[in-house]
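>>> here is my input, please return the structure:
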Amino acid sequence: MSRYATIIFSLVLLTACNEQGRGFNLPKGDVEQGKMTFVLMQCNDCHTVKGIDFIGDPDGTNVFLGGKTTRVASYGDLVTSIINPSHKLSRGSDPTTVTLDGESKMRNYNEYMSVQELIDLVEFLQSRYEIWVPTYYTYGY
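Prediction:
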């Protein structure tokens, strides 16, 4: 096989792999371990989680996680929010959650959190969301 044929064949394989691997999936985590990681990393200083009473920093920012939502919080969404919290900030974000430069005030745990802790934390957070499908009414003319 010529060098160019090998390159083209490799690109076709990579494209096929990319088509099959849409999305981002971590292995199954442990909800209870994730809950412990949430407290260990002091996430409860700034976050409240639906249905769970944590004791955090009473003067901290209160960003609510979990509850009813119309959109699934995917693994990719949650992982991105943890490892790159400034990724989805919009203009006009709550000034208590962003710096003057517009970056998230969330602590960066990338050098401290193990991959397993991340997996468990994502599993825990995802378990706290409930998909809500709104009821639509149609009226005849």
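
>>> just checking, residue 88 touches residue 81?
Yes. Between residue 88 and residue 81 there is a contact under C-beta atoms under 8 Å: 7.1 Å. Any C-beta I mention is one placed from the backbone N, CA and C, and that applies to glycine too.

>>> got the CA positions of stretch 121-140 in PDB?
Extracted C-alpha coordinates of stretch 121-140, given in PDB (Å, rounded to 0.1, in the frame of the first residue of the first chain):
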ATOM      1  CA  LEU A 121     -19.000  13.000  41.100                       C
ATOM      2  CA  VAL A 122     -20.600  13.200  37.700                       C
ATOM      3  CA  GLU A 123     -22.700  10.000  38.500                       C
ATOM      4  CA  PHE A 124     -23.900  11.700  41.700                       C
ATOM      5  CA  LEU A 125     -24.800  15.000  40.100                       C
ATOM      6  CA  GLN A 126     -26.600  13.300  37.200                       C
ATOM      7  CA  SER A 127     -28.600  11.300  39.700                       C
ATOM      8  CA  ARG A 128     -30.000  14.500  41.200                       C
ATOM      9  CA  TYR A 129     -31.700  15.700  37.900                       C
ATOM     10  CA  GLU A 130     -35.200  14.700  36.900                       C
ATOM     11  CA  ILE A 131     -36.400  15.200  33.400                       C
ATOM     12  CA  TRP A 132     -39.600  17.200  33.200                       C
ATOM     13  CA  VAL A 133     -41.700  17.200  30.000                       C
ATOM     14  CA  PRO A 134     -43.900  20.200  29.800                       C
ATOM     15  CA  THR A 135     -47.500  19.700  28.900                       C
ATOM     16  CA  TYR A 136     -48.600  21.500  25.700                       C
ATOM     17  CA  TYR A 137     -52.100  22.300  24.900                       C
ATOM     18  CA  THR A 138     -53.400  22.800  21.400                       C
ATOM     19  CA  TYR A 139     -56.600  24.600  20.700                       C
ATOM     20  CA  GLY A 140     -58.700  24.100  17.600                       C
END
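
>>> residues contacting it, please?
26, 28-35, 37-38, 41, 43, 49-52, 65-70, 72-73, 75, 78-79, 82, 113 (C-beta atoms under 8 Å, 6 or more residues apart in numbering).

>>> contacts only, for residue 63.
With C-beta under 8 Å, 6+ apart, residue 63 has these contacts: 46, 47, 48, 97.
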